[in-house]
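>>> let's see this in three dimensions:
(chains A, B, C and D)
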2 protein chains.
Amino acid sequence: MNISEAAQHSGLSAKALRYYESIDLLSPGRAQNGYRDYSDADLEILRFIQRARATGFSVDEVRELLSLYRDPARHSRDAKALVEDKLGHIETQLRSLREMQQTLRGLAERCAGDESPQCAILEGLSHHAAK
Amino acid sequence: MNISEAAQHSGLSAKALRYYESIDLLSPGRAQNGYRDYSDADLEILRFIQRARATGFSVDEVRELLSLYRDPARHSRDAKALVEDKLGHIETQLRSLREMQQTLRGLAERCAGDESPQCAILEGLSHHAAK
DNA sequence: TTTGACCTTCCCCCTGTGGTAACCTTTACT
DNA sequence: AGTAAAGGTTACCACAGGGGGAAGGTCAAA
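Alright, predicted model coming up:
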């Protein structure tokens, strides 16, 4: 299977496939003409990668998930640990975003939003407390 | 005021100050010895930048905020528009994170987390629905 | 045979720094 | 006066996660 076909079936771009190969996430074989040749097993892994990325895992985290995926002697505990770590990060990000949201809402509320140069947003950012 | 002093007073790194200068966010003067020389006005702008970044604005958004900040003929409407646009993005990010959270929680719940290689997380990612 | 669609490698671009090197200035100590 | 540490300067390489595009090789159909 050529790269564009593999890209289509996996939901990834051809560019991404070459990138994943360059960082040794997966190594498809090569045909005589030098073209990459993706097997069905490769495609399955590509789909795995696509779903993991879409679920928020970084490429390095996907690498860890993949090594578990490929390891018949794995412990499900290790996979669960990765997921729970990720959940912790997400919680942190959520808190940070909510805080920004609060700050921005507070600033926007106090800004008239008219023709006047007088603006609580710019003042809030320039003076002391932005939050 | 030297770069490290300006960095300390603004809460930014010296590296960041050089970067902000290289992308024309602010241009401090130079002393005879070639060292950057930050004025009080520069410092105020640095603090503005620091607060805006901490509030979640990208460097390019900070650039827009700064041009409003420096413009005496500005309209507060423009600042408010930037903030509301940002609020929209934050809302999108929040939704996406919450979705990932749901997915990951669902996967983690169904994973025993023991010695067994049998793992709902890896299966969930490899087969059809990851969410 | 020629054309167009594919493939290949290669390099530059983005954000927002961190790290390092090579070099110059200033300050402090002996 | 000499010197060493602590600052400053520029410049380059690296990271995620690819996108965009150039220059060239291949393949398939008309």
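
>>> ok, A:I49 to A:S96 distance?
Remark: distance between A:I49 and A:S96 (CB to CB, to the nearest Å) = 27 Å. C-beta: built from backbone N, CA, C; applies to glycine.

>>> now chain A, which segments are flagged as low pLDDT?
Low-confidence segments of chain A (pLDDT under 70): A:128-131.

>>> 80 - rerun?
A:127-131 (pLDDT under 80).

>>> what parts of it come near DNA strand D?
A:13, A:15-16, A:19, A:23, A:32-33, A:53, A:58-60 (CB under 7 Å from any atom of the strand).

>>> mind giving me the PyMOL select for these, buried ones only?
The PyMOL selection below is limited to those of the residues of chain A next to DNA strand D classed as buried (16 or more other CB atoms under 10 Å in any protein chain shown):
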select buried, chain A and resi 16+53
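
>>> what sits against the residue nearest the centre of chain A?
Residue closest to the average C-alpha location in chain A (CA atoms, centre = their mean): A:G56, at 4.2 Å. By CB atoms under 8 Å, 6 or more residues apart in numbering or on different chains, A:G56 lies in contact with A:86, A:90, B:97, B:100, B:104.

>>> and of these, the nearest to DNA strand C?
B:L97 (18.3 Å; CB to the nearest atom of the strand).

>>> quickly find the element holding that closest one.
helix B:76-109 (DSSP states H and E).

>>> and whatever helix or strand comes next after that helix, what does it pack against?
Sequence order places helix B:120-126 as the next helix or strand after helix B:76-109, per DSSP H and E. Using 3 or more CB pairs under 8 Å, 6 or more residues apart in numbering or on different chains; DSSP states H and E, the elements in contact with helix B:120-126 are helix A:40-54, helix A:59-70, helix A:76-109, helix B:76-109.

>>> gap between the residue in chain A sticking out farthest from the centre and B:G88?
Going by CA atoms, centre = their mean, the residue of chain A most distant from its centre is A:S116, 41.4 Å out. With distances taken as CB to CB, A:S116 is found 24 Å from B:G88.

>>> any idea what sits nearest the residue farthest from the centre of chain A, other than its immediate chain neighbours?
Of all residues not flanking A:S116 in the chain, B:S76 sits nearest, at 5.5 Å (CB to CB, 6 or more residues apart in numbering or on different chains).

>>> then A:A112?
B:S76 (5.3 Å).

>>> what is the burial count for the one you found?
21 (other CB atoms under 10 Å in any protein chain shown).

>>> that one touches A:R110, doesn't it?
No: contact between B:S76 and A:R110 fails when scored by CB atoms under 8 Å: they sit 10.1 Å apart.

>>> count of residues packed around A:G88?
Neighbours of A:G88 (other CB under 10 Å): 10.

>>> from DNA strand D, how far off is it?
17 Å (CB to the nearest atom of the strand, to the nearest Å).

>>> around DNA strand C, pick out the residues from chain A.
A:2-5, A:14, A:18, A:34-36.

>>> list the contacts for A:E115?
A:E115 touches B:75-77, counting by CB under 8 Å, 6+ apart.

>>> can you rerun that using 10 Å?
By CB atoms under 10 Å, 6 or more residues apart in numbering or on different chains, the contact list for A:E115 reads B:73-77.

>>> between these, which has the most around it?
Those, ranked by neighbours (other CB under 10 Å): first place B:S76, 21 neighbours.

>>> how close does it get to A:Q101?
20 Å.

>>> hmm, A:N2 and A:Y35 touching each other?
Yes: contact criterion CB atoms under 10 Å: A:Y35 and A:N2 qualify, at 6.1 Å.
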